[in-house]
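Trainee: Just a sequence and a predicted model for now, questions to come.
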Amino acid sequence: MTRYIVGRLGWSVVVILAITLITFGATFLSPVDPARLYAGLRATHAQYELARQTLGLNRPIIVQYYRYLVRLLHGNMGQSYSTGESVSSIVLGRLPATMALAAAGLAVEVVVGLPLGVLAALRWQGKTDRAILSGSLLGVVTPQFVLGFLLLYLFAYRFPIFPLGATASLPALVLPALALGLPGAAWYARMVRSSVLNVLGEDYIRNCRAKGLSEWVVVLRHVLRNSAGPAITMIGLDFGIFLGGVLVVEQVFGWPGIGQQMWNAISANDIPVVMGTVIVAAAAVVIFNLVADIVNAFLDPRIKYTR
Amino acid sequence: MSTDPSALAMTAGSPAGPGESTPGGTRAALTVSGLTTVYGTTRGQIVAVQDVSFEILAGEAVGIVGESGCGKTALALSLVQLLPRNGRIEHGQITLDGSDLLTAGKTALRRVRGRRIAMVFQDSMASLDPVMPVGRQITEGMISHLGISRQEARKRAVELLEEVGVPEPTTRLRQFPHQLSGGLRQRVAIAVAISADPEVLIADEPTTALDVTIQAQILDLLQREQGRRGMALILITHDLGVVGSVTDRMIVMYAGRVVESGSTSEVFADPRHPYTLGLLDSVPKLDATIEGRLRAIPGSPPTGYSMTAGCPFAPRCSHVMQRCRGEDPPLAPVPGGRSAHEAACFADVRTGSAPRS
């Protein structure tokens, strides 16, 4: 087990390094010249050269990357071009709002999606199954911004149960969480349905029944645990992705999270902030994917031997 | 260990059912009559088991043989009502101790499964839960059926593993199925099956997935446990060698029906159905000359869709007569056979194709 975790951890470090390389490289593809931006449009050639020196842009690329990595390891992601504020404090300041939204959205996905998926599988080809399948199809095809505006219109404007404006409060969290979580819940329901159906067809489930176990015990003790893998992987991935900011939902609801922050930074050509956000988002995905893999390894003893 | 009298008491139907003790002291453990099972498929309905009747006496070993697709597994799954979703029992009776299992409620049925009728399947890798230690898989049935504590069940599981020949049982209890060899897994599956001391053990191709040397050990184990516990054993297999070495009686199935049944020694020595004859001919014999060839039965069993009038074996039969194509021969006592030797054939395979009197 320890060997498996250490191995996966090592790979995660490699993946994060690769991401830093990509984000670092991507800034060179940008048409914006950071030195020009830093020195100002009316700067003289000498001033421009000075800016290049200050920013270290006159050094070889490999040295630039090395210095970038060293700074990154010290938690220093540079300063915002537009405000001069440190990128770390900008991103960290936005993180709590995004974390709250991510956790709430994930909770909606899990609480709504998983039971519906299990129920559909147990009622395979029955009315309940068909209803859940059609409902989830609707959920899957509805774009988040449509659902977001619909929820706002219905439950904040027509029936003002929840606040319309963005305040970082618990009631204000409900609608964004639903907009974020419901389409995901539809995916979860469909995915869980098919993995539960697969397991229900296994010989060992028939054998459990042949042993005379009650249907409840068969489902709770044997079916669920055996079909949990894909759902756990997806929960880990989703949480990581949500932590990186959910652009659309945060825009629709004016939620002050990382996604909104990212949107603003892109519009302002604020490269250090964009890079910092991408790194944090990517790291979140890698870390929670790793967590999901470790949980899966605990649930399924075969994993550490076959991978 | 005595049988729990409450286990099926609530479903007790006819007071003088066929499961009652007979004066001879041999009691029917399980009686099947007129059992018909169908599978619904996209291409229509398949009759997997057709009008099958037999009786298994307490403590008796009975083999059910036939090629793949003859309805052996459908029959086994019908007995415990664990057919796949598209399978359905059309009619018939399955009687255990005087009460009909087909009319029993869910709870009553659950108390029969594993407790009174247990099963061992072909593929022990697939039939054990991959994410649960094998010890718990043995104890969970005992805890629910026998109402014993976890500690007690654990103690018994160690004893059971020892009994079925699993070395270091306390260590093995904590292991997962993939950590055991195929032979050990099948031993564990047998331990699971006998854990609640059932009256009937159904083993569906229990040795097919194993090496030949392991096969012999597992058969030996099944036979030993059967004798020791006085269980009835229903051994489903396509392997006549297995049937010959383990069973007292055998039932030959073809196209979902019983085509011949009788004591194993008599059927082996004096087969009366051309299909049984063909099966016996296709077994390699140690005393055969090298020049002699194995004889195969030409063709393959009907798929179930193509059911026509007459004997289902007629298209492949070497003794076929005009009558066989229009009329389905009933299962009847064979002429000159000893008690309970029956075959469903118009021809007399002893003399060529002379009609049966």
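Mentor: Okay, I see it.

Trainee: how far out from the middle of the chain is stretch A:278-287?
Mentor: Its chain's C-alpha centre and that of stretch A:278-287 lie 8 Å apart, by CA atoms, centre = their mean, to the nearest Å.

Trainee: cool, and stretch A:273-281?
Mentor: Centroid separation between stretch A:273-281 and its chain, computed with CA atoms, centre = their mean, is 13 Å.

Trainee: go on, stretch A:242-255?
Mentor: Centroid displacement of stretch A:242-255 relative to its chain, using CA atoms, centre = their mean, is 11 Å.

Trainee: now swap in stretch B:78-87 and tell me
Mentor: Between the centre of stretch B:78-87 and the centre of its chain there are 14 Å (CA atoms, centre = their mean).

Trainee: List the buried residues of it.
Mentor: By neighbour count on 16 or more other CB atoms under 10 Å in any protein chain shown, the buried set for stretch B:78-87 is B:Ser78, B:Leu79, B:Val80, B:Gln81, B:Leu82, B:Leu83, B:Gly87. C-betas here are computed from N, CA, C, even on glycine.

Trainee: Stretch B:317-332 too?
Mentor: Quick answer for stretch B:317-332 (16+ other CB under 10 Å): B:Cys317, B:His319, B:Val320, B:Met321, B:Cys324, B:Asp328, B:Pro329, B:Leu331.

Trainee: Pick out the residue in the stretch 201-307 of chain A sitting closest to chain B.
Mentor: Per CB to the nearest CB, the residue of the stretch 201-307 of chain A with the smallest distance to chain B is A:Gly212, at 3.3 Å.

Trainee: Show me what the longest helix anywhere in chain B packs onto, helices and strands only.
Mentor: When chain B is parsed with DSSP state H, its longest helix is helix B:212-229. Helix B:212-229 is packed against helix B:182-194, strand B:200-204, strand B:232-237, helix B:240-246, with contacts defined by 3 or more CB pairs under 8 Å, 6 or more residues apart in numbering or on different chains; DSSP states H and E.

Trainee: helix/strand/coil for B:Glu55?
Mentor: Judged by DSSP: H, G, I helix; E, B strand; the rest coil, the three-state class of B:Glu55 is strand.

Trainee: which parts of chain A sit against chain B?
Mentor: Within reach of chain B by CB under 8 Å from any CB of the partner chain, chain A has these residues: A:124, A:202-204, A:206-214, A:217, A:221-222, A:225-226, A:299-302, A:305.

Trainee: For the residue nearest the centre of chain A, give me its contacts.
Mentor: Compute the mean C-alpha point of chain A, and by CA atoms, centre = their mean the closest residue is A:Ile241, 1.1 Å away. A:Ile241 sits next to A:Ala281, A:Ala284, A:Val285 when contact means CB atoms under 8 Å, 6 or more residues apart in numbering or on different chains.

Trainee: With A:Arg206 instead?
Mentor: By CB under 8 Å, 6+ apart, the contact set of A:Arg206 is B:Leu82, B:Phe121, B:Ser127.

Trainee: how about JSON lines for the residues you listed, with pLDDT and distance to chain A added?
Mentor: Formatted as JSON lines, the contacts of A:Arg206 follow (pLDDT from 0 to 100; distance: CB to the nearest CB, whole Å):
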{"residue": "B:Leu82", "pLDDT": "93", "distance to chain A": "6"}
{"residue": "B:Phe121", "pLDDT": "88", "distance to chain A": "6"}
{"residue": "B:Ser127", "pLDDT": "90", "distance to chain A": "4"}
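
Trainee: Of these, which belong to helices?
Mentor: Among those, DSSP H puts B:Ser127 in helices.

Trainee: Does B:Ala48 belong to a helix, a strand or coil?
Mentor: strand.

Trainee: wait, doesn't it sit right on B:Val38?
Mentor: Yes - the pair formed by B:Ala48 and B:Val38 meets the contact definition of CB atoms under 8 Å, at 6.5 Å.

Trainee: Read off the pLDDT value for the closest residue to A:Val63 other than its chain neighbours.
Mentor: Take A:Val63 and drop its neighbours on the chain: the residue closest to it by CB to CB, 6 or more residues apart in numbering or on different chains is A:Gly56, 7.7 Å away. For A:Gly56, the model assigns a pLDDT of 82.

Trainee: Secondary structure element holding A:Ala231?
Mentor: A:Ala231 belongs to helix A:224-243 when assigned by DSSP states H and E.

Trainee: residues touching residue 59, list them.
Mentor: In the absence of a named chain, this looks at chain A. Counted by CB under 8 Å, 6+ apart, A:Arg59 has contacts A:Arg67.

Trainee: should've been chain B
Mentor: Taking CB under 8 Å, 6+ apart, we find B:Gly59 in contact with B:Ala29, B:Gln226, B:Gly230, B:Met231, B:Ala232.

Trainee: of those residues, buried ones?
Mentor: Here, 16+ other CB under 10 Å leaves B:Ala29, B:Gln226, B:Met231, B:Ala232 buried among the contacts of B:Gly59.

Trainee: shouldn't the third one be in contact with B:Ile194?
Mentor: Yes - here B:Met231 reaches B:Ile194: they are 7.5 Å apart, a contact under CB under 8 Å.

Trainee: circling back to that earlier point, out of the buried ones among the contacts of B:Gly59, which two are the most distant from each other?
Mentor: B:Ala29 and B:Gln226 (11.7 Å; CB to CB).

Trainee: got any residues that touch both of the two?
Mentor: Jointly contacting B:Ala29 and B:Gln226 under the rule CB under 8 Å, 6+ apart are B:Gly59, B:Ala232.

Trainee: need the helices for chain B, in chain order.
Mentor: All helices of chain B, identified by DSSP H, fall at B:72-79, B:106-112, B:124-127, B:134-146, B:150-163, B:169-173, B:182-194, B:212-229, B:240-246, B:264-269, B:274-281.

Trainee: Tell me the residue of the stretch 201-350 of chain B that sits nearest chain A?
Mentor: Counting by CB to the nearest CB, the stretch 201-350 of chain B gets nearest chain A through B:Ile202, at 8.7 Å.

Trainee: what inclination does the helix or strand where A:Ala172 lies have with respect to helix A:224-243?
Mentor: Using DSSP H and E, A:Ala172 falls within helix A:170-200. Going by axes from the mean of the first three to the mean of the last three CA atoms, to 10 degrees, helix A:170-200 is angled at 140 degrees with respect to helix A:224-243.

Trainee: Can you name the element that comes right after helix A:170-200?
Mentor: Downstream of helix A:170-200, the next assigned helix or strand under DSSP H and E is helix A:203-210.

Trainee: between that next one and strand B:200-204, how big is the angle?
Mentor: Using the same axes, to 10 degrees: helix A:203-210 against strand B:200-204 is 170 degrees.

Trainee: Tell me how far helix A:203-210 lies from the chain's centre.
Mentor: Distance of helix A:203-210 from the chain centroid (CA atoms, centre = their mean) equals 38 Å.

Trainee: Next, the angle helix B:72-79 makes with it.
Mentor: 40 degrees.

Trainee: For helix A:203-210, list the C-alpha coordinates in PDB.
Mentor: Output of helix A:203-210 as PDB, limited to C-alpha atoms (Å, rounded to 0.1, in the frame of the first residue of the first chain):
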ATOM      1  CA  ASP A 203     -21.500 -14.100 -10.500                       C
ATOM      2  CA  TYR A 204     -20.500 -13.200  -7.000                       C
ATOM      3  CA  ILE A 205     -23.700 -11.200  -6.600                       C
ATOM      4  CA  ARG A 206     -25.700 -14.200  -7.700                       C
ATOM      5  CA  ASN A 207     -23.600 -16.200  -5.200                       C
ATOM      6  CA  CYS A 208     -24.500 -13.800  -2.400                       C
ATOM      7  CA  ARG A 209     -28.100 -14.400  -3.100                       C
ATOM      8  CA  ALA A 210     -27.500 -18.200  -3.300                       C
END
